[in-house]
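> Sharing a sequence plus its predicted fold:
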Amino acid sequence: MEISLVAGRSGKDTYVIYGKLGDGERLAVSETASIELMDGSSVEREVLALRALVGGKYTNVRECMGPCPFGMEVSDLEGCEVKTPDAIEARRRIKQFDQMVCLTPFRELKHGDESIYDWVEDGYTVPEKVLAYLMTTEPFFMSPGIYEHPFRPGRRLLGPYCYTDGHFWWDRDCWKYTTKYHVKLPQEFMDYVMSGKGDKFLKSHSPNPSSWFDRIEELYGDTPHGNFLPRNAGNVDLEDF
């Protein structure tokens, strides 16, 4: 049995599990189902209700036999990390985060516990190559929302949105904070870029103002509401930043 999604039911202590039964696998109401968890173990839960895909629609059934998609209702899954594609991807992303270095670990940008104001140094500048590296646009993750510009009280920004090269990750506006507000960068990153270790990435990625809009469009897919963000996904030019 492959589980694709676990959804809690509003106001109820029950969960609906969607997935697909393999050839010969069976589920039935009032019987128990074995649910695989992320740590390799499994839990047994009673099937309270069951639906199967019949004629292109999910229909209530007493039992179903694989191969077929299904939706079953169970209870008492709180605290259980069910193995799903989303859970697997979340684990991968967490591991990826742990292995990478954040260039903007600031609480003002929702990225960490440090304060961006402690990293300001009057007159601080970096080589053009470093700025060019920060301006490459390989989308990493986004946090849709609004946050206050740390250096312009009352000015609101969309995001945060972040880029990555697979080794470091940084806020989309990192180069602007460094250029306009003299926010320092970790020396480890400076040495990495200036040593040429990142040249391959730098040459293969160029600034693309629509990179986040394109990614958001992919996430929205064919949903009826579409994407109402501006074409640049809220990116602000340096002069106005």
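All right, it came through fine. Remember, predicted model here, so these are calculated numbers, not experimental data.

> Residue 235: which element?
For residue 235, there is no helix or strand it lies in under DSSP states H and E.

> buried set for the longest helix anywhere in the chain?
In the chain, taking DSSP state H as the definition, the longest helix is helix 85-99. Within helix 85-99, no residue counts as buried by 16 or more other Cβ atoms under 10 Å. Heads up, the C-betas are built off the backbone N, CA and C, glycines and all.

> Report the central residue of this protein.
residue 141 (4.9 Å; Cα atoms, centre = their mean).

> How is that residue assigned, secondary-structure-wise?
Of the three states, residue 141 takes strand under DSSP: H, G, I helix; E, B strand; the rest coil.

> ok, back up a step: next secondary structure after the longest helix of the chain?
Following helix 85-99 in sequence order, the next helix or strand is strand 101-102 (DSSP H and E).

> hmm, who's touching that next one?
By Cβ atoms under 8 Å, 6 or more residues apart in numbering, the residues outside strand 101-102 that reach it are 111-112, 167-170, 186, 188-189.

> Show me which of the residues you listed is closest to residue 208.
residue 170 (15.8 Å; Cβ to Cβ).

> would you say residue 176 is within a helix?
Yes. According to three-state DSSP, residue 176 belongs to a helix.

> So what does residue 7 have for phi and psi?
With angles defined as degrees, to the nearest 10, residue 7 sits at phi -130, psi 130.

> 412 is where my numbering starts, stick with that
Renumbered: residue one is now 412, and that last one reads residue 418.

> Show me the beta-bridge partners of the nearest residue to it once chain neighbours are set aside.
Excluding its sequence neighbours, the residue lying closest to residue 418 (Cβ to Cβ, 6 or more residues apart in numbering) is residue 427, at 4.9 Å. Here residue 427 sits in beta bridges with residue 418, residue 484, going by DSSP bridges.

> dump the residue contacts of residue 427.
417-418, 420, 482-484.

> And the buried ones among the contacts of strand 512-513, selectable in ChimeraX?
Per 16+ other Cβ under 10 Å, the buried members of the contacts of strand 512-513 correspond to this ChimeraX selection:
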select :522,579,580,581,597,600
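
> Quick check: helices, which of the contacts of strand 512-513 are part of them?
599-600.

> Residue 434: which of the contacts of strand 512-513 is nearest?
For the contacts of strand 512-513, the nearest to residue 434 is residue 580 (42.4 Å; Cβ to Cβ).

> just checking, residue 438 touches residue 474?
Yes. Between residue 438 and residue 474 there is a contact at 6.5 Å, judged by Cβ atoms under 8 Å.

> of the two, who's got more company?
Using other Cβ atoms under 10 Å as the criterion, residue 438 and residue 474 rank with residue 438 on top: 23 against 13.

> quick one: what helix or strand has that one in it?
Per DSSP H and E: strand 437-439 holds residue 438.

> coming back round to it: what about the contacts of residue 427, which one has the most neighbours?
Busiest of these [other Cβ under 10 Å] is residue 483, holding 25 neighbours.

> was I right about it contacting residue 458?
Yes. Under the criterion of Cβ under 8 Å, residue 483 makes contact with residue 458 at 5.1 Å.

> between these two, what contacts are shared?
Residues touching both residue 483 and residue 458 by Cβ under 8 Å, 6+ apart: 438, 444.

> any weak-confidence spans in the protein?
The model of the chain has pLDDT under 70 over residues 421-422, 632-636.
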